[in-house]
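> 3D model of this:
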Amino acid sequence: MNAHTQNFMIAGAVGQLECALDLPDPEVFPAPVGLALVAHPHPLYGGTMDNKVAQTLARTFLALGYVAVRMNFRGVGKSEGVHDHGAGETDDMALLLQHMRTQYPTLPLALGGFSFGTFVQAQLQQRLLQQDAASAAERLVLVGTAAGKWPMPVAPSNTILIHGEQDDTIPLAAVLDWARPQELPVVVIPGSDHFFHRKLQHIKNVVVESWHRRPAQLQA
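This is a model prediction of the structure:
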């Protein structure tokens, strides 16, 4: 993502997985305040950890003081294996979390994803909640949520959902149909397509402005 990005490999169930680590500005954050894992869009349609939305999410977490970690899913870049329709990718993301916990065992966790990556991260969150609620993410950021494309599980009530008004890959109506029974608010970016062309800045603005907002402010 930048000159300070640290690339590394971890051992996955079907081979080595390529990962990238970015640290927040030490002059602003002498110590990281959290750990964020970011998941990229569909590997079979050109999705990589260098996707612009995935990078925007990583930069957003850096601005919040979080260590930001991305991973190329199976068969992407230097990552070995083949696409596993979300199941293996969720396993791999869990392994990345386990690896990062050896370095940052106590930092609060956030999960961010774009498109197919939202399916992976929502599944991982459900897995963590079932294993040990204390180990689950404090918050999810789901951009271009894959509702209607993959069986999205329910999401926590404080999840930040961002979607493009003119998304023709995952229609806004499908996301609203998924979010409505859960009473999850959806932030709609007017005029935006699926890839947020010329609208990427809104992702960062929405997340940063929402992240530390207190319940009392939301009730005003």
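> what's the spacing between residue 34 and residue 201?
Look at residue 34 and residue 201: by CB to CB, to the nearest Å, they are 22 Å apart. (Glycine included, C-beta is placed from N, CA and C.)
> quick one: the strands in the protein?
6-12, 15-22, 34-39, 66-71, 109-114, 139-143, 160-164, 187-189 (DSSP state E).
> Identify each buried residue in stretch 48-66, please.
Buried residues in stretch 48-66, counted by 16 or more other CB atoms under 10 Å: 48-51, 53-66.
> Between residue 34 and residue 201, which has more neighbouring residues?
A direct count of neighbours by other CB atoms under 10 Å for residue 34 and residue 201 places residue 34 higher, at 21 against 11.
> so that one touches residue 111, yeah?
No: distance between residue 34 and residue 111: 11.0 Å, which falls outside the contact criterion (CB atoms under 8 Å).
> what's residue 185 in contact with, if anything?
161, 179 (CB atoms under 8 Å, 6 or more residues apart in numbering).
> Which residues are in contact with residue 96?
When contacts are counted by CB under 8 Å, 6+ apart, residue 96 is found next to 10, 17, 19, 37, 69, 71.
> Give me the distance from stretch 61-77 to the chain's centre.
Using CA atoms, centre = their mean, to the nearest Å, the distance from the centre of stretch 61-77 to the centre of the chain it belongs to is 8 Å.
> Quote the end-to-end distance of that stretch.
23 Å (CA to CA, to the nearest Å).
> Then stretch 158-168?
Stretch 158-168 has its terminal residues 26 Å apart, counting by CA to CA.
> Touching that stretch from outside, list them.
Contact with stretch 158-168 is made by 139-145, 155, 170, 172, 175, 179, 184-194, 196, 199, 202-203, 206-207, 210-211, as judged by CB under 8 Å, 6+ apart.
> Please pick the buried ones from those residues.
By the neighbour-count criterion of 16+ other CB under 10 Å, the contacts of stretch 158-168 include these buried positions: 139-145, 155, 170, 172, 175, 179, 184, 186-189, 192-194, 196, 199, 202-203, 206-207, 210-211.
> so residue 148 sits right up against residue 174, yeah?
Yes: the pair residue 148 and residue 174 qualifies as a contact (CB under 8 Å) at a distance of 3.4 Å.
> Mind checking which of those two has more residues around it?
For residue 148 versus residue 174, the count of surrounding residues by other CB under 10 Å is larger for residue 174: 17 against 14.
> which regions of this protein sit below the pLDDT cut-off?
Across the chain, the stretches falling below the confidence threshold (pLDDT under 70) are 1-3, 214-220.
> how many neighbours does the residue nearest to residue 138 when sequence neighbours are not counted have?
Nearest residue to residue 138 in three dimensions, chain neighbours excluded: residue 108, at 4.8 Å (CB to CB, 6 or more residues apart in numbering). If you count neighbours by other CB under 10 Å, residue 108 ends up with 14.
> and residue 108, what does it touch?
Contacts for residue 108 (CB under 8 Å, 6+ apart) come out as 33, 34, 35, 138.
> List buried residues within the residues you listed.
Applying a neighbour-count criterion of 16+ other CB under 10 Å, the buried members of the contacts of residue 108 are 34, 35.
> That'll do, ta.
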